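Enquirer: mind folding the following:
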Amino acid sequence: MNITTFLTFVGDQCGKAEEAINFYTSIFPNSEIKSIKKYAEGEAGGTPELIKYGVFTLNGIDYMVSESNYEHAWSFSPAVSIFISDNSNDVIQTLFDKLSSNGGQIMVPLDSYEGEGDYGFGKKFGWCEDKYGISWQFVLSE
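Expert: Here you go, the predicted model:
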């Protein structure tokens, strides 16, 4: 059995998948784009500049990606996010800053939460959405 996160770029995000995965693989260590297959001319669901199916790796974890120019009633939601844990404050802070900047948004500032308001995840916690609509949670592990 293989379980993989699959990201589908639709609506306002359609056409941004390749830019997004190039950005992600540039900021995470041990990352690469494994494959990209684009739609053929006239193929249902997309146009030749859109990704029909792709696979990329972030720090050794595979993700799948696609985009569709069909009208969908859904898109990305903060209810599903990519959760990152690391014991280096510098790593967590750098990734959080890069993902939340340039059109992204901070939903929970990356900060220490001890005592009241402690999320119970670790020394620091933060949550952001990048400019592509993907949500990311960060925790500084013990």
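Enquirer: C-terminal to the helix or strand bottoming out on mean pLDDT in the chain, what's the next element?
Expert: Lowest by mean pLDDT, DSSP states H and E among the helices and strands of the chain is strand 105-112, with a mean of 90. Going down the chain from strand 105-112, the next helix or strand is strand 124-129, by DSSP states H and E.
Enquirer: hmm, back to that, list the buried residues for the least confident helix or strand of the chain?
Expert: Buried residues in strand 105-112, counted by 16 or more other CB atoms under 10 Å: Leu110. For every residue, glycine as well, the C-beta is placed using N, CA and C.
Enquirer: domain assignment for the protein?
Expert: Residue ranges for the domains of the chain, per automatic domain parsing: 5-67, 81-140.
Enquirer: out of those, nearest to Ser75?
Expert: Counting by CB to CB, Ser75 lies closest to domain 5-67 out of the domains of the chain; the figure is 4.9 Å.
Enquirer: JSON lines please, covering the domains of the chain and showing distance to Ser75.
Expert: Supplementary listing: the domains of the chain in JSON lines, determined by distance: least, CB to CB, whole Å:
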{"stretch": "domain 5-67", "distance to Ser75": "5"}
{"stretch": "domain 81-140", "distance to Ser75": "6"}
